[in-house]
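# Give me a 3D structure for the following:
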Amino acid sequence: MFSSFSCVLLAISFTLNSVKCNSIVKYYPHIQANAENHNTRKYQTINEGSGQLVLRRGQVFIVELDLSKPFDANTDDVMVVASPINPLFEHKTFMAVLYIIEKYGLSPITRSDPVMLSRAFSSLVNSNDNLGVLVGRWDGKYESHEASNGLYRCGPCPRNAAKYGKMFIEYDAPFLYSEVNADVINWMQDASGLNMTKTSRNKLT
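A predicted model of the protein is given here:
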């Protein structure tokens, strides 16, 4: 006799290796259903052999467990064992962070203080001498680069620019930014460069 127990959990970008509980009889990761919800169905690890559950950070996922006894939240624990897929955990990234911390001279006691860490990183990245972690200085002369025309914009392009084909708006960035789930509109410019014709529009889902 066993009971069925469904877990609804919040994902933190990882590959789910297993779920451990002393009374688990069977574990159903619902790989394809979770992959559909997390948009990870094309990942190779999901489609190889028996598959492996790959989840995205911040979204719920469901696993189902068959237990050998009724689940009691007061006495029973379910532990998720996972491998993080995150560049913060990569060896080279960790070594670079340690290098910056040691170069600044942070003691082991102050390394856990987020204020001290952010000040150390900012100081070494924005250093005005060659004692920082970047080569050169931020206040150099850049005459060889394209001069600004006095207008600056960083972020999504104006809606009218995409909607009506205003492809030559005079911003420093000579290209348009788009957003996820936006429409894709293709425009064609005539030989004079004055007239724009909409050639297609695809609505992304």
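# rest of the way, CA atoms for contacts and neighbours
Fine.
# Lys26: what's it in contact with?
Leu65, Asp66, Leu67 (CA atoms under 8 Å, 6 or more residues apart in numbering).
# Now which of those residues would you call buried?
Among the contacts of Lys26, the ones that count as buried by 16 or more other CA atoms under 10 Å are Leu65, Asp66, Leu67.
# Report all helices and strands that the helix or strand hosting the second one contacts.
Assignment of secondary structure by DSSP states H and E places Asp66 within strand 60-67. Using 3 or more CA pairs under 8 Å, 6 or more residues apart in numbering; DSSP states H and E, the elements in contact with strand 60-67 are strand 3-10, strand 24-28.
# Provide the strand pairings for it, with the direction of each partner.
strand 3-10 (antiparallel), strand 24-28 (antiparallel) (DSSP bridges).
# before we move on, the earlier item: which among the buried ones among the contacts of Lys26 gets closest to Lys42?
Distance to Lys42 across the buried ones among the contacts of Lys26 (CA to CA) is lowest for Leu65, with 25.3 Å.
# do you know how far that closest one is from Val25?
7 Å (CA to CA, to the nearest Å).
# so after the lengthiest helix in the chain, what's the next helix or strand?
The helix that spans the most residues within the chain, counting by DSSP state H, is helix 91-104. The C-terminal neighbour of helix 91-104 among helices and strands, as given by DSSP H and E, is helix 114-125.
# Give me the buried positions along that following helix.
Leu117, Ala120, Phe121, Leu124, Val125.
# among the strands paired with strand 60-67, which gets the worst mean confidence?
For the strands paired with strand 60-67, mean pLDDT drops lowest on strand 3-10, to a mean of 44.
# Got the domain ranges for the chain?
Domain assignment of the chain by the TED database yields the ranges 1-85, 91-134, 154-204.
# Where among the ones you listed is average confidence lowest?
domain 154-204 (a mean of 62).
# List every C-alpha atom in the strand holding Asp66, with coordinates, as PDB.
The C-alpha trace of strand 60-67 is given here as PDB (Å, rounded to 0.1, in the frame of the first residue of the first chain):
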ATOM      1  CA  VAL A  60       7.300  26.200 -10.700                       C
ATOM      2  CA  PHE A  61       7.700  22.600 -11.700                       C
ATOM      3  CA  ILE A  62       5.900  19.400 -10.700                       C
ATOM      4  CA  VAL A  63       7.300  16.000  -9.700                       C
ATOM      5  CA  GLU A  64       5.100  13.100  -8.400                       C
ATOM      6  CA  LEU A  65       6.200  10.600  -5.800                       C
ATOM      7  CA  ASP A  66       4.700   7.300  -4.800                       C
ATOM      8  CA  LEU A  67       5.400   6.800  -1.100                       C
END
